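Colleague: Return atomic coordinates for the entry below.
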Amino acid sequence: MNLSVISKSMMRLTSTLMTLASKLMTLSSKLMTQASKLMTLPSKLMTLPSKLMTLALTLSLVSACSSLPPPQQLTPSHKLAAPTDSGLYRYLEGDLKAHPNKTGILPLSSGIDAFVARLAIVDAASQSIDLQYYIYHDDETGRLLIWHLIDAADRGVRVRVLLDDLTTKTLDNGLVLLASHPNIEIRLFNPSYERTFRSFAMLTGFSRLNHRMHNKSLTVDNQITVVGGRNIGNEYFSKNDDVDFGDFDLLTIGDVVDEVSNQFDRYWNSEQVESVVNLVPPPTSEMYKEAAKIMARNKQNFLHDEYLNRLELSDLLTQITSKGLAWYWGDAQLLYDPPQKASRQGHQEWLLTDLSHFLAKARHEVLIVSPYFVPTDGGCQALIEAAKQGIKITVITNSLAATDVLAVHAGYKAYRERLLENGIALYEVKVDINNRPSAWKGSSRTSLHAKTFVLDRASVFVGSFNFDPRSAWINTEMGLIVEQREFAGEMMDEVQKSLQRSSYRLGLEDGELVWHDDLSGKVFYADPDASFWRRFMADFIGLLPIESQL
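Modeller: Numbering: from 1, shown residues only. Down below sits the predicted model:
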């Protein structure tokens, strides 16, 4: 190329950079001006009379306390023995007798199948239902499951519902109405005793309320359970048009189900839970009438929802009705944090210890699928040491464009270069609106939410645990370890097939991050599919000292 041409090109580039710098300086000046105005607000606004603040706080506390019944001792309850004369038992009897002391699992990667599984086992219940979730949304799928729970309670089934209290803010009246059913009891984990000003309570009681129950299980008759990563809500079951979480559960029968029931009992009877009827005023007759009207209207509207057709066409429903469930049989172990973790107690029982021992057994390869991946310095070093021993490590997580929690991505991005430099393979889920949602890929309407680890194509962990500080040290978690080579191998094969289509492969060029789209052959030099402002916000949040809370 001619030197004069190069010179002119450099001059144009310099001019462009100077113009950009000028615009940034102008923007900075405007921001400084606004900040100055904020700093010079009239002092009387910054020094509200303290007695007004005291009055507001007093009114809040008086209102909350006066509306609560006197504290009551919760009556302990425990799992019921699995019935041997029910339709569910007869359906499972042949499989269970053919595989004594083993656990049968059926993977649920489809949101539709995952919801059908829950409805099916609830409808099959004859004695007991134990439901434990971090999030329960008041939306179409949440209501449909509630209606099925009510039907079960009406036929005499004992229903115990244990929810984390963090996201129940708008559910109080509905929960206390539901709890008025003689066969339904609802308890909340680590609840806020201030029910009106919940955000204020979170600020003043952060050290306690920051600890949440992230566990997820639904167990029927102590014979069959669903364990995995899904909460209850449209976005987990392919019903939401705006967002769809690609997730993963296991429908489970056999030996390990009793362990899941024991785990539920331990939480249900712990000092960390409270009955909703002790937190929320009892429902009035008008509330009952209004609730009946709303339920009738919602049921009528739902009759014409195309989602019902999708449920009826579920592959799992076809298998259930033809009695063709193809269980994978093997040994399984339940890992879970004790409820006392919320009080920073029982460290020796924390799931992190057992999960670390599980991962340390790897000899050849480890696959980590985690939507929120913030390894911390300690976790990063452990992965590097394993890689140095010749273990192939692959991590799949959300890209900046696909993640639903920007702060977590900001925490993760600080470790990418270090992991890549030491031979650890990183893949980030693409955004692609044409991709069908599954447990392994995301789109503009889909975000990876599955939490799964696979070791040596022989062992699999499926549960609620994210590879981040919040799961490790703050929230309670649970999950199943399954020793089953066929299942583990098929999972690895499926993931490998989907990587090229569904994710970007990260690499380094001259010490800088690059994203390879192996399907199209394109290479990106900045987080693909993410806007400038999304990248800027991730960089900014990454400067904040909040990793321990991610």
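
Colleague: For the closest residue in space to residue 318 that isn't next to it in sequence, give me the pLDDT.
Modeller: Sequence neighbours aside, residue 324 is the residue nearest to residue 318 in space, at 7.9 Å (criterion: CB to CB, 6 or more residues apart in numbering). C-beta here means a position set from N, CA and C on the backbone, and glycine is covered the same way. In the prediction, the pLDDT value recorded for residue 324 is 80.

Colleague: Specify the local secondary structure of residue 324.
Modeller: When the structure is reduced to helix, strand and coil (DSSP: H, G, I helix; E, B strand; the rest coil), residue 324 reads as coil.

Colleague: A helix includes residue 292, no?
Modeller: Yes. The assignment for residue 292 (three-state DSSP) places it in a helix.

Colleague: What's the separation between it and residue 298?
Modeller: Relative to residue 298, residue 292 is positioned 11 Å away (criterion: CB to CB, to the nearest Å).

Colleague: average pLDDT across stretch 365-382?
Modeller: Confidence over stretch 365-382 (mean pLDDT, whole number) is 95.

Colleague: Quick check: buried residues in it?
Modeller: Along stretch 365-382, these residues count as buried under the neighbour rule (16 or more other CB atoms under 10 Å): 366-376, 379-380.

Colleague: likewise stretch 91-106?
Modeller: For stretch 91-106, burial by neighbour count (16+ other CB under 10 Å) applies to 91, 92, 95, 96, 99, 102, 103, 104, 105, 106.

Colleague: From the rest of the structure, what touches that stretch?
Modeller: Counting by CB atoms under 8 Å, 6 or more residues apart in numbering, stretch 91-106 makes contact with 117, 124, 223-224, 250-257, 323, 325-332, 480, 482, 484, 487, all of which sit outside it.

Colleague: Now do the helix or strand hosting residue 301: distance to the chain's middle.
Modeller: In this structure, residue 301 is located in helix 285-302 according to DSSP states H and E. Remark: helix 285-302 is offset 30 Å from the chain centroid, using CA atoms, centre = their mean, to the nearest Å.

Colleague: Let's see that helix as PDB, backbone CA atoms only.
Modeller: Taking C-alpha atoms only, helix 285-302 is exported to PDB below (Å, rounded to 0.1, in the frame of the first residue of the first chain):
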ATOM      1  CA  SER A 285     -65.300 -13.500  53.900                       C
ATOM      2  CA  GLU A 286     -65.000 -10.800  51.200                       C
ATOM      3  CA  MET A 287     -61.500 -12.200  50.300                       C
ATOM      4  CA  TYR A 288     -62.900 -15.700  49.900                       C
ATOM      5  CA  LYS A 289     -65.700 -14.400  47.600                       C
ATOM      6  CA  GLU A 290     -63.300 -12.300  45.500                       C
ATOM      7  CA  ALA A 291     -60.800 -15.200  45.300                       C
ATOM      8  CA  ALA A 292     -63.600 -17.600  44.100                       C
ATOM      9  CA  LYS A 293     -64.500 -15.100  41.300                       C
ATOM     10  CA  ILE A 294     -61.000 -14.600  40.200                       C
ATOM     11  CA  MET A 295     -60.300 -18.300  40.100                       C
ATOM     12  CA  ALA A 296     -63.400 -19.000  38.100                       C
ATOM     13  CA  ARG A 297     -62.500 -16.300  35.600                       C
ATOM     14  CA  ASN A 298     -58.900 -17.500  35.300                       C
ATOM     15  CA  LYS A 299     -60.000 -21.000  34.800                       C
ATOM     16  CA  GLN A 300     -62.400 -20.000  32.100                       C
ATOM     17  CA  ASN A 301     -59.800 -17.900  30.300                       C
ATOM     18  CA  PHE A 302     -57.300 -20.700  30.500                       C
END
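
Colleague: Next, count neighbours for residue 520.
Modeller: Neighbour count of residue 520, defined by other CB atoms under 10 Å: 8.

Colleague: after the longest strand seen in the chain, next one along is what?
Modeller: Counting by DSSP state E, the longest strand found in the chain is strand 328-336. Secondary structure here is assigned by DSSP H and E; on that basis, the next helix or strand after strand 328-336 toward the C-terminus is helix 351-360.

Colleague: Return the set of buried residues in that next one.
Modeller: For helix 351-360, the buried set under the neighbour-count rule, 16+ other CB under 10 Å, comprises 351, 352, 354, 355, 358, 359.

Colleague: Any chance of these in TSV with pLDDT and distance to residue 276 as columns?
Modeller: Written out in TSV, the entries for the buried residues of helix 351-360 read as follows (pLDDT from 0 to 100; distance: CB to CB, whole Å):
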residue	pLDDT	distance to residue 276
351	96	27
352	94	30
354	95	32
355	95	32
358	96	36
359	95	38
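
Colleague: on that earlier part again, which helices and strands sit right next to the longest strand of the chain?
Modeller: Other helices and strands packing on strand 328-336, by 3 or more CB pairs under 8 Å, 6 or more residues apart in numbering; DSSP states H and E, are strand 103-108, strand 249-254, helix 257-268, helix 351-360, strand 478-483, helix 485-502.

Colleague: Residue 468 is nearest to which of those?
Modeller: Evaluated with CB to CB, the helices and strands packed on strand 328-336 place helix 351-360 nearest to residue 468, the distance being 11.2 Å.

Colleague: Following the chain past that closest one, name the next helix or strand.
Modeller: The C-terminal neighbour of helix 351-360 among helices and strands, as given by DSSP H and E, is strand 365-369.

Colleague: Give the next helix or strand downstream of that next one.
Modeller: Taking DSSP H and E as the definition, the helix or strand right after strand 365-369 is helix 376-388.

Colleague: who touches that following helix?
Modeller: Residues contacting helix 376-388 (CB under 8 Å, 6+ apart): 356, 362, 366, 375, 393, 415, 418-419, 422-424, 467, 469, 472, 547.

Colleague: and after that helix, which helix or strand comes next?
Modeller: With secondary structure assigned by DSSP H and E, helix 376-388 is succeeded by strand 392-398.

Colleague: so where do the helices sit in the stretch 401-550 of the chain?
Modeller: 406-412, 416-421, 469, 485-502, 532-542 (DSSP state H, counting those that start in this stretch).

Colleague: And the strands in the stretch 151-300 of the chain?
Modeller: Taking DSSP state E, counting those that start in this stretch as the criterion, the stretch 151-300 of the chain contains strands spanning 158-164, 184-189, 217-220, 224-228, 244-246, 249-254, 273-275.

Colleague: same question, the stretch 1-150 of the chain
Modeller: Going by DSSP E, counting those that start in this stretch, the stretch 1-150 of the chain shows strands at 103-108, 128-133.

Colleague: Output these as JSON lines; include the columns mean pLDDT and distance to residue 283.
Modeller: Supplementary listing: those in JSON lines, determined by pLDDT from 0 to 100; distance: least, CB to CB, whole Å:
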{"stretch": "strand 103-108", "mean pLDDT": "98", "distance to residue 283": "35"}
{"stretch": "strand 128-133", "mean pLDDT": "99", "distance to residue 283": "21"}
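
Colleague: would you turn those into a markdown table with distance to residue 342?
Modeller: Formatted as a markdown table, the strands of the stretch 1-150 of the chain follow (distance: least, CB to CB, whole Å):
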| stretch | distance to residue 342 |
| --- | --- |
| strand 103-108 | 28 |
| strand 128-133 | 14 |
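
Colleague: what about the residue nearest to residue 318, how many residues close to it?
Modeller: The number of residues packed near residue 324 is 8, by other CB under 10 Å.

Colleague: so how far is residue 205 from it?
Modeller: Where residue 205 is concerned, residue 324 sits at a distance of 51 Å (CB to CB).
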